[in-house]
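**Student:** Make a model of this:
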Amino acid sequence: MNRYEIMYIIAAALDDEAKDSVMETVEGIIADGGEVVKTNRIGLKKLSYPIRKKNEGYYVLVEFKAPADLPKELDRRLRISDDVVRHLIINMDDDKDVA
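**Tutor:** Numbering: from 1, shown residues only. Predicted coordinates:
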């Protein structure tokens with residue numbers, strides 16, 4: 001199992017229940033084949049530039065362990081979600097210093 005980190009931005013216009021539902025969906029996708037290590041709800045922040053005419057977003061950072069094929073499925077499902085404005089998945093095992 002590889003270590004990954006995903007940061008995603010949920011549309012700020014959603015109510016708290018809808019935001020919680022999106023977070024549960026993401027964690028559910030991860031839990032199907034991997035393990036959620038830590039979830040950090042960063043909260044509402046102003047975006048650096050407008051995305052789809054939105055100026056604010058609710059940021060969430062999740063650390064997880066999963067096999068190599070799970071991030072591809074997670075990426076696919078988040079791309080088609082209207083509630084997720086942006087997302088980025090990073091393989092933490094590739095961050096080792098090469099000296």
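**Student:** Touching, residue 46 and residue 58? I think so.
**Tutor:** No - contact criterion Cβ atoms under 8 Å: residue 46 and residue 58 do not qualify, at 11.5 Å. To be clear about C-beta, it is placed using only N, CA and C from the backbone, and glycine gets the same treatment.
**Student:** How about residues contacting stretch 41-60?
**Tutor:** 7-14, 19, 23, 26, 39-40, 61, 85-86 (Cβ atoms under 8 Å, 6 or more residues apart in numbering).
**Student:** Between those residues, which sits nearest residue 76?
**Tutor:** Taking Cβ to Cβ as the measure, residue 26 is the one of the contacts of stretch 41-60 closest to residue 76, at 12.7 Å.
**Student:** Look up phi and psi at that closest one.
**Tutor:** phi -60, psi -50 (degrees, to the nearest 10).
**Student:** try residue 20
**Tutor:** Dihedral angles (degrees, to the nearest 10) for residue 20: phi -60, psi -40.
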